[in-house]
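# Here is my input; please provide its structure:
(chains A and B)
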Number of protein chains: 2
Amino acid sequence: MGKIKLHHVAIVVEDVERALGFWRDTLGLPLHHIEHNQDEQVDIACLPAGEGAIELVAPFTDDSGVAKYLAKRGAGLHHLCLDVGDLDAAAARLRAAGAELINEQPKTRPDGTRYLFVHPRSTGGVLLELYQLP
Amino acid sequence: MGKIKLHHVAIVVEDVERALGFWRDTLGLPLHHIEHNQDEQVDIACLPAGEGAIELVAPFTDDSGVAKYLAKRGAGLHHLCLDVGDLDAAAARLRAAGAELINEQPKTRPDGTRYLFVHPRSTGGVLLELYQLP
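Next up is the predicted model:
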């Protein structure tokens, strides 16, 4: 199996600009870009941190999964994403172990990144995203 | 200011061996070591993931900070640690911005790593650890 890398940590926030006041302006992380993601109905600010990154995720509607998470749990750590290299092999191992995948088949982002989410019930409470980079 | 790197993500778990059943055995992360940390009263399994790492943290008593967190919030993402290079400079910027540091002065681990924690009230809900590596 390939070498797994920590890709990003996603933090759910009320407001991206206010969150940047801490993570960029006070702490000093660089802001790479802000993505307006219609699929998930969130704005995502990406701040590279070495080989990995921190993503600040803010819902812009009230009924997305992230919006409901924010309403229920409040702002804070949301999910962890690992670059697993071969996503199909990782998914096969997870299925064989009985893990619950939120999307059974990998989805593909516009940049070609393939991803799926593993349910917190199968990881011990962590929403886990797995990436295969293009 | 120096280049900030994602150092580790800590996940609080009930039991390290059971958690390794997922993160090591199913997912395939390598286990580097398990530390029995008397100061924090936790066992910590360190699993390198590229430049960063995942730490599985399990309290072995009922009255530590981590034990109380686990009892209140359940297992899941616990904190995020960034290697900031110059910890005193980072702490000075945080203080100047009015951020609340859990330990006002950096502490030093046996291996020489200096660290401090920033309160979730100042980060938007994230318990944030900052490292200066030896």
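# How is chain A divided into domains?
Annotated domains of chain A cover A:1-79, A:84-134 [automatic domain parsing].
# most neighbours per residue, which of those?
domain A:1-79 (a mean of 18; mean count of other CB atoms under 10 Å in any protein chain shown). For every residue, glycine as well, the C-beta is placed using N, CA and C.
# what's the spacing between the residue with the largest distance to the centre of chain A and chain B?
Checked against the mean C-alpha position of chain A, the extreme residue using CA atoms, centre = their mean is A:A96, at a distance of 23.7 Å. For A:A96, the distance to chain B (CB to the nearest CB, to the nearest Å) stands at 8 Å.
# so who does that residue touch?
For A:A96, the contact set (CB atoms under 8 Å, 6 or more residues apart in numbering or on different chains) is empty.
# rerun at 10 Å
Listed by CB atoms under 10 Å, 6 or more residues apart in numbering or on different chains, the contact set of A:A96 reads B:T26.
# Tell me how far A:V66 lies from A:A53.
Going from A:V66 to A:A53 by CB to CB, to the nearest Å gives 17 Å.
# got the residue ranges for the helices in chain A?
A:16-20, A:65-73, A:87-96, A:120-123 (DSSP state H).
# Pull the contacting residues for the nearest residue to A:E14 once chain neighbours are set aside.
Once flanking residues are discounted, A:E14 sits nearest to A:A75: 5.9 Å by CB to CB, 6 or more residues apart in numbering or on different chains. Neighbouring residues of A:A75 by CB under 10 Å, 6+ apart: A:11-15, A:19, A:56-58, A:69, B:120, B:123-126.
# Just the closest of those to B:C81, please.
Taking CB to CB as the measure, B:C81 lies nearest B:V126 of the contacts of A:A75, at 10.8 Å.
# can you pull the pLDDT of the closest one?
B:V126 is assigned a pLDDT of 98 by the prediction.
# Double-check it against B:A99; I have them as touching.
No: with contacts counted by CB atoms under 10 Å, B:V126 stays clear of B:A99, the gap being 11.9 Å.
# any common contacting residues for those two?
Common neighbours of B:V126 and B:A99, using CB under 10 Å, 6+ apart, are A:F22, B:V118, B:H119.
# Determine how far stretch A:9-21 lies from the middle of the whole chain.
13 Å (CA atoms, centre = their mean, to the nearest Å).
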